[in-house]
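Peer 1: sequence first, predicted coordinates after that:
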Amino acid sequence: MSRQAHRSGSKPVAPARTESRWPHVRIALNNRWLAWRNLHFHSSLAGLQRLIARPWATAFTVLVLGFALALPLLFFLVYDNARTLSGNLREAREITVFLKPTLNARAANALASEVRARSDVAAVVVRTPEQGLAEFRQLSDFGAALDALQDNPLPSVLVITPRGNDMADNPPLVGTLKADTTRVDLVQYDAAWRHKLSDILHFSERLVIVIAALLALVTTLVIGNTVRMDIQTRSEEIAVMQLVGASNGFVRRPFLYIGAWYGVFGSLLSLLLIAIVELALAEPIRQLLDVYAHSFSLHGIGVMNVLATIGMGAVLGWLGAWVATARHLRAGRPQR
């Protein structure tokens, strides 16, 4: 027949292609995704409605969770502001050298050049007596008394920045400067208290982590116990769902969202409590810093920490509800 088609000049007809099955697979996947999304949406909405239906019980539980989550946030906020107030590492490594009052500017610059040539020195700044007097006049209220002085009593000062990150208690540079008694009057390098401050901050950080872990455990247990009581009141309903073939995931899902909602509401309340504390303490701290002429300003938790707090609260609530439902489901399914 193909030979006759070739003789007549007509093109052979191509065999019909079978319809691809990929569109059906794609449609099935889309339907499963929509069903999964709708199921979780309705479960979360049902959990929220159940919390709203019992406002007093929900309010008391959220109050407990809010205070439990506010404590580690408050400790973290205090620690973060204290770490910022302590200053950066570059300022903590500076060595201040007070020269003899009889040393003139040329001799001070000569000593600065000698120190600057050392391999363990990164930078040297010379502050003249005039600059020191102007800075003292700006930071103090003794302007009239300073005007009465005939001579400037302040000496020249060298501010030395060591090279590297070595914060030894007594580096060789400090020993060399202290030995130069003819030109150097005082060397100030308080590495001891800086190490103590670093140890205190490290201990505070570890303390915040421990307190946060303990209160996170408390939050999980409180939510788990609350969800367990809710499961007990709906035990007959759960038994009926299991008898008609509901899976453990289907039974567990609404309670997981109830726990997550508890965690979210507790986190929001804790953030509100922290905001109230910040407003209550902002003005007294500002007045205290103004007395010491400090430019430090308090900072809040921050947007990323706020989102992390809400997310962590939801995770803790989800985990507590999962533990409570797992214990109930472990008891077994009712026999048909």
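Peer 2: Cool, got the structure.
Peer 1: packing partners of the helix or strand harbouring Tyr262?
Peer 2: Using DSSP states H and E, the element containing Tyr262 is helix 248-291. Contacts defined by 3 or more C-beta pairs under 8 Å, 6 or more residues apart in numbering; DSSP states H and E place helix 248-291 against helix 22-53, helix 55-85, helix 191-233, helix 235-243, helix 303-330. Backbone N, C-alpha and C define where each C-beta goes, glycine included.
Peer 1: mind redoing it with 6 Å?
Peer 2: Here helix 248-291 touches helix 22-53, helix 55-85, helix 191-233, helix 303-330, going by 3 or more C-beta pairs under 6 Å, 6 or more residues apart in numbering; DSSP states H and E.
Peer 1: which one of those lies closest to Leu273?
Peer 2: helix 55-85 (4.3 Å; C-beta to C-beta).
Peer 1: about what we covered before: for the record, mean pLDDT for the helix holding Tyr262?
Peer 2: Computed over helix 248-291, the mean pLDDT rounds to 85.
Peer 1: okay, the helices and strands packed on helix 248-291 in CSV with distance to Ile258 next?
Peer 2: What follows is those, written out as CSV (distance: least, C-beta to C-beta, whole Å):
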stretch, distance to Ile258
helix 22-53, 4
helix 55-85, 10
helix 191-233, 6
helix 303-330, 6
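Peer 1: so Asp125: helix, strand or coil?
Peer 2: Actually, residue 125 is Val. It isn't Asp. Of the three states, Val125 takes strand under DSSP: H, G, I helix; E, B strand; the rest coil.
Peer 1: does it touch Val159 like I think?
Peer 2: Yes: using C-beta atoms under 6 Å, Val125 is in contact with Val159, at 4.3 Å.
Peer 1: rewinding a little: just send the helices and strands packed on helix 248-291 back as a markdown table, with mean neighbour count and distance to Val244 too.
Peer 2: Formatted as a markdown table, those follow (neighbours: other C-beta atoms under 10 Å; distance: least, C-beta to C-beta, whole Å):
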| stretch | mean neighbour count | distance to Val244 |
| --- | --- | --- |
| helix 22-53 | 12 | 16 |
| helix 55-85 | 17 | 29 |
| helix 191-233 | 16 | 18 |
| helix 303-330 | 18 | 16 |
